[in-house]
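1. no letters, just coordinates:
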């Protein structure tokens, strides 16, 4: 079993092939738009096609590689997996190739292989079972720069949450490469709110949160943000967001943290499923 | 209107462009991000750039034999170059800036002074951009600045679509849109307040 090779392939797939749910959402947006907004969506879809057919990166910012692992507590290959995650980044950097995007914040030195201290970042979630599911989420710098945390007064309630999210996303304008996907994490603490926002991005587009209150918030936020007119690339239009996904955690009575995670239209991701017997598939 | 401009682009041609036009560029384009702007202002340009297209971009490039190939080359956020761009335009007289997200008032004023435009290329469309790059003719400061920040000089054919977003007549689509968005936001705020 060569985990690093397989995970490297998944990173490559994420960099070059936009998942079908994201393509469908962009196509639907193109049909809604006219003028400069439509020109942008046509260019995006043409770009997605060229990348897929030519096996080249969708965007030159191939992002910071981030892993989210659902780890079965009986998974027998954990040491291999731990070693394989950074190795996969090295493999993909060379094979795809990816842009070397990890910079030492003090010295400015770039190791050139998309690894470094705490990078690729890995979020581990323990689940029952003996398999592992590794989600790859390479995320570009332009959209990451638009992420934000709001520590709201709980008295403002859900209205406060809506206001904070809409004001922030609209203020970002064209910077994060709209139409974007917004992950909103409500509750928990400061760190958890942002983490939940990022994890919300892993849910396929078109799939609502299973709880009706959360699903309603998602739908309302989409409508409110799209009413702003910011549009594709911030040049005006009906589609500023393709989707808003929300997640939540219980909060401290005095705190209402809201993590706002912004993802560009190039919503790149891939998943590797690893079974206990070593069989793997990239989906 | 839609048209193809070929470098070197004259001041007259640049001044004829209006915000909202869609253009394509053929000829010579060079990339410069934050560091390259700073280096060019401090040490001068490593190549003559008057009339060329300046691209805010850090590409993914791969060496094939002795030649470089551009694999992906979408625009980066132009706002970061606002620090340098007005001085840069006055000194180097590039006529078409290609970027994303728009630039500020200092750049808008310099575009009018020098006779140049800022154009918007679809953010993230790195593969589409790379397809229009016919070859890399030179790369400067690769050692010093690394792949994303180096100056890549490229021969391009019908690079675009580029939406003229800021022209030499003081008009900016971003400014126009911000008036509309501000108005829409008043209604949106009222909806949130009046809701559950």
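-> Arrived safely, thanks for sending. Just so we're clear, the structure is a prediction, and the values are computed from it rather than from any experiment. Numbers count the residues shown, from 1 in each chain, chains lettered A, B, ... in the order given.

2. from here on, just use CA atoms for contacts and neighbour counts.
-> Noted.

3. show me what from chain B comes close to chain A.
-> B:20, B:58-60, B:62, B:71-74, B:76-77, B:100-101, B:122-128, B:147-148, B:161, B:163, B:173-174, B:177, B:180-181, B:184-185, B:188-189, B:192-193, B:195-196 (CA under 8 Å from any CA of the partner chain).

4. what's the neighbour count on residue A:106?
-> Neighbourhood size, residue A:106 [other CA atoms under 10 Å in any protein chain shown]: 6.

5. pLDDT wise, what is it at?
-> At residue A:106, the pLDDT value in this model is 95.

6. host element of it?
-> Using DSSP states H and E, residue A:106 sits in no helix or strand.

7. residues contacting residue 123?
-> Went with chain A since none was named. Shown in contact with residue A:123 (CA atoms under 8 Å, 6 or more residues apart in numbering or on different chains): A:67, A:68, A:69.

8. chain B was what I was after
-> Shown in contact with residue B:123 (CA under 8 Å, 6+ apart): A:177, A:233, B:74, B:75, B:76, B:100.

9. what's the burial count for the residue lying closest to residue B:114 once chain neighbours are set aside?
-> Using CA to CA, 6 or more residues apart in numbering or on different chains and skipping the chain neighbours, the partner closest in space to residue B:114 is residue B:90 (6.2 Å). Neighbour count for residue B:90, taken as other CA under 10 Å: 14.

10. then residue B:90 would be within a helix, right?
-> Yes. Under DSSP: H, G, I helix; E, B strand; the rest coil, residue B:90 sits within a helix.

11. residue A:196: what secondary structure?
-> Assignment for residue A:196 (three-state DSSP): helix.

12. so what's residue 46 up against?
-> Since you didn't name a chain, this refers to chain A. residue B:128.

13. other chain: chain B
-> B:40, B:140.

14. in a strand, it, correct?
-> No. Looking at residue B:46 with three-state DSSP, it is coil, so not inside a strand.

15. can you give me the pLDDT of it?
-> 96.

16. next: the one 4 residues further on.
-> We have a pLDDT of 97 for residue B:50.

17. tell me the secondary structure of it, please.
-> From three-state DSSP, the assignment for residue B:50 is coil.

18. please apply the same query to residue A:262.
-> strand.

19. the longest helix along chain B - contacts with which helices or strands?
-> Using DSSP state H, we find that the single longest helix of chain B is helix B:173-194. When contacts are defined as 3 or more CA pairs under 8 Å, 6 or more residues apart in numbering or on different chains; DSSP states H and E, helix B:173-194 packs onto helix A:157-172, strand B:151-166.

20. just those: most buried one?
-> strand B:151-166 (a mean of 24; mean count of other CA atoms under 10 Å in any protein chain shown).

21. please state the offset of that strand from the chain centre?
-> Centre-to-centre, strand B:151-166 and its host chain are 7 Å apart (CA atoms, centre = their mean, to the nearest Å).

22. how about residue A:271: what's its closest non-neighbour residue?
-> The shortest distance from residue A:271 to any non-neighbouring residue, by CA to CA, 6+ apart, is to residue A:135 (4.4 Å).

23. surely that neighbour is within a strand?
-> Yes. Assessed by three-state DSSP, residue A:135 belongs to a strand.

24. so what's it bridging to?
-> residue A:68, residue A:271 (DSSP bridges).

25. number of residues surrounding it?
-> 24.

26. surely it and residue A:268 touch.
-> No. Judged on CA atoms under 8 Å, residue A:135 makes no contact with residue A:268 at a distance of 10.6 Å.

27. which of the contacts of residue A:123 count as buried?
-> Among these, those buried by neighbour count (16 or more other CA atoms under 10 Å in any protein chain shown) are A:67, A:68, A:69.

28. let's have these in JSON lines, adding distance to residue B:155 and pLDDT.
-> Converted to JSON lines, the buried ones among the contacts of residue A:123 look like this (distance: CA to CA, whole Å; pLDDT from 0 to 100):
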{"residue": "A:67", "distance to residue B:155": "38", "pLDDT": "98"}
{"residue": "A:68", "distance to residue B:155": "41", "pLDDT": "98"}
{"residue": "A:69", "distance to residue B:155": "43", "pLDDT": "98"}
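
29. residue B:61 is in contact with residue B:67, isn't it?
-> No. Counting by CA under 8 Å, residue B:67 is not a contact partner of residue B:61; they are 10.1 Å apart.
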